[in-house]
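Student: Below is the structure, and that's it, no one-letter string:
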């Protein structure tokens, strides 16, 4: 994917006997620069996903060699183990760019070194509507650096990073013992774990929820239950800058890795990967210093509370992987509760580290068996705790809310309303999805309107830009989850709200646009696949002509998500079980 740094660059061959290439500003392009290609154009080329995956595994294995074990935490957690996800995402972008470069015929027939223009960054940031996550990628000057280009001293791999945060003082660590300690750093984690902690309190057992969110909007809500304590990590611990010391720079080919036809200098690759850890993006991607701070804090918490079990909804990204490492070292049993739907092939690092793995449905059990990194892992198909509340969803009240959204926009409520469970995709992806949906709403029979419901981690201002006729917007605090029960249809690409719609027998439309990955709900006959605007028109028109909702067969539901309204109780029983 192209970054903002790449748009004004072109790659051109230098006039010499030995093939050599230069990355120069597009403004300096002349007729004598042949052959050449704009980097935006080159980035639009496709690479084989299977080939990318194979090379990523090869490169990550090389980065994980003992010679490149740059650092471990005081508790013994390797830098690459904890930060595997952001590093793997960067490596995936590197591999993709190298493969499309190899596929460009002029370079393929005359490959050679690439020189760069001073002033370009090595790491860029990809476009996203998410407020939480930083999507870093390699720039084309960064690619040249990996292949051996000399980089001006003023140009550092970490020049892209920034760190902001309000300084606050540390808070005393609780001294109360707890049977279970849970970790949350997003509203989705809290929504999954709090129902379980409430069930644990029914057993008259204390629990502690560690809130690691650095975004105030993602913090755990206030809890009134006296047996549930919420303890927030000081933001300064996770926002502190500080990276790794790298003393492994060498230039011999024994310190290299082959990606296609390109010999990538492994020390430079480690250099760039480690540069992601110099500044903190908060709880989603802490710096190395913040990682060490978090480990020390977790050590102190577990020593003070002496829990039997740690409960998580993410054990793969940096804080989750670190927390499981700490728990294993201290003899605390770990239980993972799947909080979102899994899409095969879209997970940056398909790895699960907890001793017990709670999944939604039968299809997830198969994935968990392949993703677990432990030989003693046990997989439990129990459903999703936050879906227990769907049994008491107030459909009439939600419908009144949807109707009122259109009234506030100055129009009349349509006869039928579809809710779009928006997701934090890039602007271009969101626009492409919106164009299809708006056309479908306009042309479908039955007087349809569309409610756009932003994702909890999404920038609501970006969503507001997707306006159109017969369109209204749900409040970010409500989202799709808070209003889908009152709708006539739910539209999703890969939102878990598609599963909730299935459980409530709300018809679901699954957008399957080119390049998009879905939850595969249509394959289980619990959603209708729509590949274009005409498909949306047909689906909505059919629903208008068939007003009676038909229940999804129980076997199909169980494959996607087991639901009996008692998942939280089942997970609580597992967490409190004395067995290992």
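Tutor: That came through fine. Treat the numbers as computed from the prediction; the structure is a model and nothing was measured.
Student: Quick check: phi and psi on residue 257?
Tutor: Backbone torsions of residue 257, given as degrees, to the nearest 10, read phi -140, psi 140.
Student: Please tell me I have it right and it contacts residue 62.
Tutor: Yes. Contact criterion Cβ atoms under 8 Å: residue 257 and residue 62 qualify, at 4.5 Å. Where you see a C-beta, it was placed from the backbone N, CA and C, and this is true even at glycine.
Student: List the residues that are in contact with both of the two.
Tutor: Listed as contacting both residue 257 and residue 62 by Cβ atoms under 8 Å, 6 or more residues apart in numbering are residue 266.
Student: where does the protein dip in pLDDT?
Tutor: Applying pLDDT under 70 to the chain picks out residues 1-7, 27, 29, 31-32, 67-68, 127-134, 152-175, 245-254, 547-549, 579-580.
Student: Can you mark which positions in the lengthiest helix in it are buried?
Tutor: When the chain is parsed with DSSP state H, its longest helix is helix 84-103. By neighbour count on 16 or more other Cβ atoms under 10 Å, the buried set for helix 84-103 is 84-101.
Student: and stretch 347-365, which residues are buried?
Tutor: Neighbour-count burial for stretch 347-365 [16+ other Cβ under 10 Å]: 348-361, 363-364.
Student: Tell me which stretches of the stretch 451-580 of the chain form helices.
Tutor: For the stretch 451-580 of the chain, the helices defined by DSSP state H, counting those that start in this stretch occupy 460-464, 497-503, 533-545, 554-560, 567-576.
Student: So which of those helices is the most surrounded?
Tutor: helix 497-503 (a mean of 26; mean count of other Cβ atoms under 10 Å).
Student: Counting by contacts, list what it packs against.
Tutor: Helix 497-503 sits against strand 416-421, strand 489-492, strand 508-511, helix 554-560, with contacts defined as 3 or more Cβ pairs under 8 Å, 6 or more residues apart in numbering; DSSP states H and E.
Student: mind giving me CSV with the helices of the stretch 451-580 of the chain and columns for distance to residue 413?
Tutor: Below are the helices of the stretch 451-580 of the chain laid out as CSV (distance: least, Cβ to Cβ, whole Å):
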stretch, distance to residue 413
helix 460-464, 20
helix 497-503, 20
helix 533-545, 15
helix 554-560, 31
helix 567-576, 34
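Student: right, and those - which one's nearest residue 402?
Tutor: Among the helices of the stretch 451-580 of the chain, helix 497-503 comes nearest to residue 402, with 14.1 Å by Cβ to Cβ.
Student: show me what contacts the nearest residue to residue 533 once chain neighbours are set aside?
Tutor: Among residues not flanking residue 533 along the chain, residue 439 sits closest, at 4.0 Å (Cβ to Cβ, 6 or more residues apart in numbering). Taking Cβ under 8 Å, 6+ apart, we find residue 439 in contact with 533, 536, 537.
Student: just to revisit the earlier point, among the buried residues of stretch 347-365, which are in strands?
Tutor: The members of the buried residues of stretch 347-365 that map onto strands under DSSP state E are 356, 357, 358, 359.
Student: From residue 559, how far off is the first one?
Tutor: Spelled out, it's residue 356. 21 Å (Cβ to Cβ, to the nearest Å).
Student: mind checking how far residue 467 is from residue 455?
Tutor: As judged by Cβ to Cβ, residue 467 and residue 455 stand 17 Å apart.
Student: who's more crowded, the two?
Tutor: Legend: neighbour count by other Cβ atoms under 10 Å for residue 467 and residue 455, higher for residue 455 (23 against 13).
Student: surely the more buried one meets residue 494?
Tutor: No. Using Cβ under 8 Å, residue 455 is not in contact with residue 494; the gap is 10.9 Å.
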